[in-house]
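Student: Take a look and give me a structure for this.
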Amino acid sequence: MKTGSLASIFTSAALLLAPLAPAHAEDQNFEGAFAQVQSFEGAFDRQFGTEIRSPRDYNADYGSTLERRIAQLADGSRGRIGVAALDLSTGEQVTVLGDQRFPMASTSKIAVAAAFMEMVEQGKYSLTSEFPLMLPVRSQRFSTAVAPVRRGDHMQALQLIDLMITRSSNPATDALIAAVGGVEAVNDWARRAGIEEFNLTRDIATLVRDDGEFDPAVHIDVRDSSTPMAMVELLSGLYQGRWLSAESRAVIIDAMERCRTGTRRIPALMPDDVMVAHKTGSLNNTSSDIGVITAPDGRSIAVAIYVTGQGTRSNREARIAQIARAIYDGYTEPQRVYTSANY
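Tutor: Residues are numbered from 1 along each chain as shown. Here you go, the predicted structure:
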């Protein structure tokens with residue numbers, strides 16, 4: 001996201017919306033002003049990938065058998081579904097709405113861990129440094145810009161990372177966000193890593209307290225959002241050692257391999273001899289899972305799946321599991337026939 005472009009778009013918005021202000025001019029200017037606003041919204045959507053797109057023609061718009069199969073499973077008629085996958089050995093990529101923004105929810109916690117581990121490598125902290133849990137204090141939704149928290153027990157950083165990833169602990173996450181210098185420090189790490197479509201806007205206490213403001217199945221909120229492709233870039237860079245040392249990566253990956261949430265998501269339909277290192281996310285009407293699937297022969301696939309709508313959480317989780325298995329089979333058994341009966 002380029003700052004100049006952002007400023008230009010919002011300046012244009014102010015100019016376009018200005019004619020709507022005088023009440024006596026509404027009828028006279030409505031049609032032209034409405035057309036201008038639509039034009040602005042189109043520019044905004046193109047800039048930030050926030051347009052709601054209809055399901056595409058699977059045969060016409062997807063280049064491979066695997067991508068067409070994933071597009072069928074990721075049909076968006078009951079809520080947006082975004083998918084990105086990358087074979088870390090061959091570079092072969094599959095995407096369905098991979099450049100559209102989705103709520104990160106707790107999948108952002110991988111970036112929080114990476115930002116903290118960078119500070120460990122710089123000598124600012126160690127894995128035995130202690131920080132207090134940030135426990136949420138009850139407050140009314142939207143009553144403050146930042147939800148109130150209170151300090152809890154102090155824990156070592158390694159314990160906080162473990163709780164954040166294996167159990168998706170929000171107080172542990174907010175402890176680490178505070179330790180690195182806030183959400184902007186996490187965003188700064190992502191930008192320096194070259195991950196542009198990543199935007200952590202609020203701490204987790206605030207995000208959870210104010211959840212439900214919009215329905216992600218039909219509305220795209222750029223706050224606390226990312227694209228599936230950006231999250232696959234995060235995962236692949238982490239696994240391939242682009243940003244952190246082997247020791248730092250091992251801390252994060254080990255926790256992802258022991259993740260105790262989302263057993264009905266990416267791991268659910270995998271063969272027993274497949275290793276899954278992943279991190280889930282859940283908020284109002286949205287469920288997600290990102291991770292790396294490793295086959296018995298060592299072949300690894302980075303995957304990000306974001307599902308909205310679908311009626312129930314169990315339906316969203318089932319869709320994640322189906323898509324993940326189809327991706328795994330498509331990369332490891334390209335001769336397999338992709339029919340709904342397989343999953």
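
Student: number of nearby residues for S248?
Tutor: Look at S248: counted by other CB atoms under 10 Å, it has 20 neighbours. Glycine gets a C-beta too; all of them are placed from N, C-alpha and C.

Student: go on, the one 4 residues further on?
Tutor: For I252, the neighbour count with other CB under 10 Å is 23.

Student: cool, H154 as well?
Tutor: With other CB under 10 Å as criterion, H154 counts 13.

Student: list the contacts for it?
Tutor: E130, F131, P132, L133 (CB atoms under 8 Å, 6 or more residues apart in numbering).

Student: so of those, which ones are in strands?
Tutor: The strands, defined by DSSP state E, take in E130, F131, P132, L133 from the contacts of H154.

Student: Adding distance to Q240, neighbour count and pLDDT, write those residues out as JSON lines.
Tutor: As requested, the ones in strands among the contacts of H154 are exported to JSON lines (distance: CB to CB, whole Å; neighbours: other CB atoms under 10 Å; pLDDT from 0 to 100):
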{"residue": "E130", "distance to Q240": "32", "neighbour count": "15", "pLDDT": "98"}
{"residue": "F131", "distance to Q240": "29", "neighbour count": "20", "pLDDT": "98"}
{"residue": "P132", "distance to Q240": "34", "neighbour count": "18", "pLDDT": "98"}
{"residue": "L133", "distance to Q240": "33", "neighbour count": "20", "pLDDT": "98"}
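
Student: now, among the residues you listed, which is nearest to L238?
Tutor: F131 (22.3 Å; CB to CB).

Student: Show me the beta-bridge partners of that closest one.
Tutor: Beta bridges link F131 to M155, judged by DSSP bridges.

Student: Please determine how far it is located from I204.
Tutor: Using CB to CB, to the nearest Å, F131 is found at 15 Å from I204.

Student: what do you get for A84?
Tutor: Distance from A84 to I204, by CB to CB: 24 Å.

Student: for L160, same thing?
Tutor: Taken as CB to CB, the span from L160 to I204 is 13 Å.

Student: Over to I252?
Tutor: On the measure of CB to CB, I252 and I204 end up 18 Å apart.

Student: Tell me what I301 is bridged to.
Tutor: Under the criterion used here (DSSP bridges), I301 is bridged to D87, I293.

Student: burial of it, as a residue count?
Tutor: 27.

Student: try E196
Tutor: E196: 14 neighbours (other CB under 10 Å).

Student: Count the residues that sit near the nearest residue to G309 once chain neighbours are set aside.
Tutor: Spatial nearest neighbour of G309, chain neighbours left out: G79 (1.7 Å); criterion: CB to CB, 6 or more residues apart in numbering. For G79, the neighbour count with other CB under 10 Å is 20.

Student: Kindly provide the distance from G79 to E118.
Tutor: 35 Å.

Student: Same check on M256?
Tutor: From M256 over to E118 (counting by CB to CB), the distance is 17 Å.

Student: Give me the more crowded residue out of those two.
Tutor: M256 (23 against 20).

Student: Surely that one touches A113?
Tutor: No: because the distance of 9.1 Å does not satisfy CB atoms under 8 Å, M256 is recorded as not touching A113.

Student: Quick check: neighbours shared by the two?
Tutor: With CB under 8 Å, 6+ apart, M256 and A113 have common neighbours I165.

Student: Give me the distance between the nearest residue in space to I81 that is not next to it in sequence and A255.
Tutor: Closest residue in space to I81, ignoring its immediate chain neighbours: A74 at 4.0 Å, by CB to CB, 6+ apart. The gap separating A74 from A255 is 28 Å, by CB to CB.

Student: Below-threshold pLDDT in this structure: ranges please.
Tutor: Across the chain, the ranges flagged by pLDDT under 70 are 1-63, 334-343.

Student: What ranges does it have for its helices?
Tutor: 3-17, 26-48, 58-61, 65-73, 109-121, 157-166, 170-180, 183-192, 204-209, 228-239, 246-257, 313-332 (DSSP state H).

Student: how distant is the last one from the center of its chain?
Tutor: From the chain centre to the centre of helix 313-332 is a distance of 17 Å (CA atoms, centre = their mean, to the nearest Å).

Student: Can you mark which positions in stretch 100-118 are buried?
Tutor: Neighbour counts over stretch 100-118 (16 or more other CB atoms under 10 Å) mark 100-118 as buried.
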